[in-house]
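# model the following, please.
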Amino acid sequence: MNLFVASMLVLVLADNLLLLYLGWEGVGLCSYLLIGFWYRDPANGLAARKAFVVTRAGDTAMSIGLFLLFNHLGTLPIQPLMARAAAAWPVGSALPIAASALLLGGALGKSAQLPLQTWLPDAMAGPTPVSALIHAATMVTAGVYLIVRTHVLYQLAPPVHTAVAVIGALTLLLASFSALNQTDLKRILAYSTI
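I've put the predicted structure just below:
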């Protein structure tokens, strides 16, 4: 639990996207370890691997976005990066659209949004109170936090800004209807956090 708290604090308190990414990966590691806690049950091991692979897809997109930002703006501290992006890139140009779309990919994986939402219902294989704390209360909100911290990029990329709203609305509807169809309380909790 202390590793998760430390990773989440690094993620939240980081003033640099590289340090934020370090906390981001630490939270993902804790999630993988929690889901696979009862590793003797094959379903738990499968759920842990599924969560690892799906969230890594989003994390890969995020890391490519960080490379793109550093390559074109030369910095990763959040405030200077946002100032340089606003000064250098016009609204609607290709670079902010690409960078914000790649960061959105990372947020989709961590926050279990469409199309990367498949890992979260299986993630409740771990101990229930800890699963609820890590996955529902904190980790799923990390993607929202990333978008809020980099909001300037999304203001420079109106199509991605719209995509955030559309994906959020579709995920909300899918999760709500999926929760209505569940009988397992842990899965209902998982769908309610999506």
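
# in the protein, where is pLDDT below threshold?
1, 125-137 (pLDDT under 70).

# looking at it, name the residue that lies furthest from the middle.
Centroid-distance maximum for the chain: Arg40 at 28.0 Å, with Cα atoms, centre = their mean.

# contacts only, for the residue nearest the centre of the chain.
Taking Cα atoms, centre = their mean, the centroid of the chain lies closest to Lys110, which sits 2.4 Å from it. Lys110 sits next to 24, 27-28, 55, 58-59, 139-140, 142-143, 146 when contact means Cβ atoms under 8 Å, 6 or more residues apart in numbering. Placement of C-beta: from N, CA and C, glycine included.

# mind checking which of the residues you listed land in helices?
Applying DSSP state H to the contacts of Lys110, the entries found in helices are 24, 27-28, 55, 58-59, 142-143, 146.

# JSON lines please, covering those residues and showing neighbour count and distance to Ile194.
Shown next, in JSON lines, are these (neighbours: other Cβ atoms under 10 Å; distance: Cβ to Cβ, whole Å):
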{"residue": "Trp24", "neighbour count": "30", "distance to Ile194": "19"}
{"residue": "Val27", "neighbour count": "23", "distance to Ile194": "17"}
{"residue": "Gly28", "neighbour count": "21", "distance to Ile194": "17"}
{"residue": "Thr55", "neighbour count": "27", "distance to Ile194": "14"}
{"residue": "Gly58", "neighbour count": "26", "distance to Ile194": "14"}
{"residue": "Asp59", "neighbour count": "19", "distance to Ile194": "18"}
{"residue": "Ala142", "neighbour count": "22", "distance to Ile194": "14"}
{"residue": "Gly143", "neighbour count": "24", "distance to Ile194": "11"}
{"residue": "Leu146", "neighbour count": "21", "distance to Ile194": "17"}
